[in-house]
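>>> quick check, what structure comes out for this input:
(one chain, ligands or ions: 1)
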Amino acid sequence: MAAVENWPPPTAATKSSSTSNHVDEKLSQECQDLLLSLPREKGWRTSYLYKFKGFWCQPKQIEAILAFQNHFQVKDTDAIVASIPKSGTTWLKALVFSISNRDKHPILTKCQILHSKLSHPLLVSNPHDLVPFFEYKLYANTDGDHDRLLDLSGLPDPRLFATHIPFVALQEPIKKSGCKIVYICRNPLDTFISSWIYTNKLMKERGLPPLPLEEAFEMYCKGVVGFGPFWEHMLGYWNESRERPKKVLFLKYEEMREDHEGFHLRKLANFLGCPFSLEEEKSGVVEGIAKLCSFEKLKDLEVNKSGSGAIMTFENKHLFRKGQVGDWVNYLSPSMVEKLVTVMDDKLGGSGLEFKLSFSY
Ligand SMILES: Nc1ncnc2c1ncn2[C@@H]1O[C@H](COP(=O)(O)OS(=O)(=O)O)[C@@H](OP(=O)(O)O)[C@H]1O
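Numbering: from 1, shown residues only. A predicted model of the protein is given here:
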């Protein structure tokens with residue numbers, strides 16, 4: 001097993017940034033055999049998405065998920081950030097990291113900011129490097145070779161991980177353990193637009209033609225999107241959060257964007273078992289964390305402007321676009337909105353999971 005500081009292990013995919021993502025990359029025999037048995041549809045960025053354990057997934061991630069499900073040893077003290085892509089994962093990772101590690105990495109409060117020489121990992125690392133994904137980082141690129149697996153047992157507690165895997169498809173030991181899961185959900189219209197724009201930035205980075213909006217939209221409404229259908233993804237974590245609120249904390253991007261009082265940060269800290277003390281409250285730690293993890297702060301950091309590799313080999317800057325609620329209004333036609341709202345009503349109706357959408361054309 002490789003030591004954790006050496007991840008991701010060097011492979012063809014990590015050594016060369018010229019690997020085309022449209023052409024499916026080298027896969028282990030086990031994964032190739034499995035793919036032959038799975039339903040498939042044209043992918044957004046890869047040739048195909050495969051329906052694996054009930055969700056749509058790229059081949060490379062299926063290979064990584066197989067390794068993750070076979071080898072990951074969960075601990076009760078672990079915390080996992082979960083989401084469907086483009087829902088605010090990067091932001092939630094930054095918040096979870098800074099809240100959970102504030103004893104090791106103190107937060108600069110307003111009065112310290114001018115004078116202190118204290119630094120913070122978030123100022124020099126992308127949140128995805130601090131809270132790694134199982135399927136994109138920790139178990140990626142092993143090509144089915146067990147010697148390339150990382151030994152995660154030596155990581156200090158609480159170990160922080162992330163995944164886009166739907167709740168139903170997580171392995172039983174994770175579901176049964178005391179580990180905590182924080183899920184972030186975003187309204188599907190903004191999530192769709194964010195995904196489509198991100199996909200096309202990656203296509204451009206690879207010199208590939210863009211995916212037309214209409215084509216992506218039809219796929220999204222059919223549920224064919226990475227880790228989708230989106231409604232099943234949301235409902236899996238939503239239902240679990242209602243049945244076991246100590247296991248899954250369900251957050252909404254829009255509500256967090258509107259929260260200027262730090263209500264969600266306190267909720268998150270309580271859930272993670274490290275509530276803010278009175279002293280921390282008084283000295284402005286909650287505001288310090290909100291500021292450190294804000295869109296404006298993270299987007300402007302050098303690591304996030306010119307760095308790469310936080311997600312696969314892509315440029316980090318693509319992870320920070322507008323960070324707005326309601327940007328979909330600039331892209332979707334009235335008939336598209338009507339169609340997607342109908343899908344949402346149909347699939348989410350009666351679940352208690354709702355999104356406030358205010359719009360006028
Ligand atoms: N700190 C912070 N605060 C608020 N919003 C933020 C933040 N960081 C990233 N973003 C916005 O989140 C969108 C990217 O979603 P994800 O982070 O889930 O992407 S990923 O799945 O991890 O690739 C993407 O949304 P859009 O701007 O609408 O495309 C990012 O701009």
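>>> what parts of the stretch 151-300 of the chain come near the ligand?
Asp190, Ser194, Ile197, Cys293, Ser294, Phe295, Leu298 (Cβ under 6 Å from any ligand atom). Heads up, the C-betas are built off the backbone N, CA and C, glycines and all.
>>> of the residues you listed - the most surrounded one?
In terms of neighbour count, Asp190 stands highest of these at 24 neighbours, by other Cβ atoms under 10 Å.
>>> secondary structure element holding that one?
helix 188-205 (DSSP states H and E).
>>> buried set for the following helix or strand past that helix?
Counting by DSSP H and E, the next helix or strand C-terminal to helix 188-205 is helix 213-222. Across helix 213-222, burial judged by 16 or more other Cβ atoms under 10 Å covers Leu213, Ala216, Phe217, Met219, Tyr220, Cys221.
>>> okay, those in CSV with pLDDT next?
Shown next, in CSV, are those (pLDDT from 0 to 100):
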residue, pLDDT
Leu213, 98
Ala216, 98
Phe217, 98
Met219, 98
Tyr220, 98
Cys221, 98
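>>> thinking again about what came up before, let me have the residues of the stretch 151-300 of the chain next to the ligand in JSON lines, extended by pLDDT.
Listed next are these as JSON lines, based on pLDDT from 0 to 100:
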{"residue": "Asp190", "pLDDT": "98"}
{"residue": "Ser194", "pLDDT": "98"}
{"residue": "Ile197", "pLDDT": "98"}
{"residue": "Cys293", "pLDDT": "97"}
{"residue": "Ser294", "pLDDT": "97"}
{"residue": "Phe295", "pLDDT": "97"}
{"residue": "Leu298", "pLDDT": "97"}
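>>> excluding chain neighbours, what is closest to the spatially most central residue of the chain?
Residue closest to the average C-alpha location in the chain (Cα atoms, centre = their mean): Thr89, at 3.8 Å. Once flanking residues are discounted, Thr89 sits nearest to Ser83: 4.4 Å by Cβ to Cβ, 6 or more residues apart in numbering.
>>> OK, contacts around that neighbour?
Counting by Cβ atoms under 8 Å, 6 or more residues apart in numbering, Ser83 touches Thr89, Leu92, Ala162, His164, Tyr183, Ile184, Cys185.
>>> gap between the fifth one and the ligand?
Going back to what we said before, that points to Tyr183. Using Cβ to the nearest ligand atom, to the nearest Å, we find Tyr183 at a distance of 12 Å from the ligand.
>>> helix, strand or coil for that residue?
What DSSP: H, G, I helix; E, B strand; the rest coil gives for Tyr183 is strand.
>>> so who does it touch?
Ala82, Ser83, Tyr237, Trp238, Ser241, Val248, Leu249, Phe250, Leu251.
>>> equivalent analysis for the first one, please.
Contact partners of Thr89, counting by Cβ under 8 Å, 6+ apart, are Val81, Ser83, Ala162, His164, Ile184.
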